[in-house]
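Asker: When you get a sec, could you give me coordinates for this:
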Amino acid sequence: MTVATIDIGGLNAFQFGDSPELGDRLAALVVAGRKTATCHAAVHGPLAKVGSRDVVLDGAKKPVAVLETASYTRLKFTEVTPAMAKPDGEGDLSHRFWADAHQDYFTREGTWSPDMDIYFEVFRLVEILDTSFACNAASHVGAEIAESAAKGFTALQGAA
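Answerer: Here you go, the predicted structure:
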């Protein structure tokens with residue numbers, strides 16, 4: 001683990017996903033540079049603002065990175081484009097994978113509706129806080145790609 005050059009004491013901390021495994025996977029996609037966007041159900045209200053910084057936690061709730069929000073937009077789930085889905089960094093980077101994975105997530109969360117609003121956030125990686133976690137990120141990326149291929153997703157260049 002490295003020592004942060006940024007004081008993270010006053011920053012909001014969060015874990016991606018709804019399980020330790022998903023938290024690890026998505027945090028690894030961030031530190032690997034593959035994931036630069038995310039979204040959440042609008043029923044939770046706005047959770048970020050442009051310029052805000054947050055600490056990403058791994059599945060064990062340990063800090064692994066600092067992010068800064070670059071853009072933050074409220075829109076309908078159905079308005080997310082293939083160009084927006086790709087930087088979400090999940091699966092094969094396709095819009096179809098993004099829509100399926102997020103519908104599943106929002107269903108588990110109890111917020112899914114075909115006409116639901118979401119907040120879509122684009123962020124930048126400011127600092128990696130845990131170099132040992134980052135060293136293992138490539139294995140998570142490989143597993144992400146392999147699992148999406150096993151499910152029949154193969155548009156690795158982000159096609160729709």
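Asker: I'd like to know which elements the longest strand anywhere in the chain is packed against.
Answerer: If you go by DSSP state E, the chain has its longest strand at strand 63-76. If you count contacts as 3 or more Cβ pairs under 8 Å, 6 or more residues apart in numbering; DSSP states H and E, strand 63-76 packs onto helix 20-31, strand 53-57, strand 117-128. Every residue, glycine included, has its C-beta placed from N, CA and C.
Asker: Neighbouring strands of the second one in the sheet, and parallel or not?
Answerer: By that I understand strand 53-57. Here strand 53-57 is paired, per DSSP bridges, with strand 12-15 (parallel), strand 63-76 (antiparallel).
Asker: Adding distance to residue 82 and mean neighbour count, write those out as CSV.
Answerer: CSV is the format used below for the strands paired with strand 53-57 (distance: least, Cβ to Cβ, whole Å; neighbours: other Cβ atoms under 10 Å):
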stretch, distance to residue 82, mean neighbour count
strand 12-15, 26, 15
strand 63-76, 14, 17
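Asker: could I get these as CSV with mean pLDDT and distance to residue 33?
Answerer: Converted to CSV, those look like this (pLDDT from 0 to 100; distance: least, Cβ to Cβ, whole Å):
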stretch, mean pLDDT, distance to residue 33
strand 12-15, 96, 19
strand 63-76, 98, 11
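Asker: Present those strands as a markdown table; the columns should include distance to residue 126.
Answerer: Output for these, formatted as a markdown table (distance: least, Cβ to Cβ, whole Å):
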| stretch | distance to residue 126 |
| --- | --- |
| strand 12-15 | 13 |
| strand 63-76 | 4 |
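Asker: wait, isn't residue 94 in contact with residue 83?
Answerer: No - Residue 94 is not in contact with residue 83 according to Cβ atoms under 8 Å; the separation is 11.4 Å.
Asker: Check the spacing between residue 122 and residue 7 real quick.
Answerer: As judged by Cβ to Cβ, to the nearest Å, residue 122 and residue 7 stand 24 Å apart.
Asker: Neighbour count for these two, which is higher?
Answerer: residue 122 (16 against 7; other Cβ atoms under 10 Å).
Asker: give me the beta-bridge partners of that one?
Answerer: Note on residue 122: beta-bridge partners by DSSP bridges are residue 37, residue 71.
Asker: Output the lowest-mean-pLDDT helix or strand in the chain as CSV, nothing but the C-alphas.
Answerer: Every helix and strand of the chain was ranked by mean pLDDT, DSSP states H and E. The lowest is helix 137-150, at a mean of 89. Extracted in CSV, the C-alpha atoms of helix 137-150 (Å, rounded to 0.1, in the frame of the first residue of the first chain):
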residue,chain,number,x,y,z
ALA,A,137,-6.1,-5.2,-11.4
ALA,A,138,-5.1,-6.8,-14.7
SER,A,139,-6.4,-10.2,-13.5
HIS,A,140,-9.8,-8.6,-12.7
VAL,A,141,-9.8,-7.0,-16.2
GLY,A,142,-9.0,-10.4,-17.8
ALA,A,143,-11.8,-12.1,-15.7
GLU,A,144,-14.2,-9.3,-16.8
ILE,A,145,-13.5,-9.9,-20.4
ALA,A,146,-13.6,-13.7,-20.1
GLU,A,147,-16.9,-13.7,-18.2
SER,A,148,-18.5,-11.4,-20.8
ALA,A,149,-17.3,-13.6,-23.6
ALA,A,150,-18.7,-16.7,-21.8
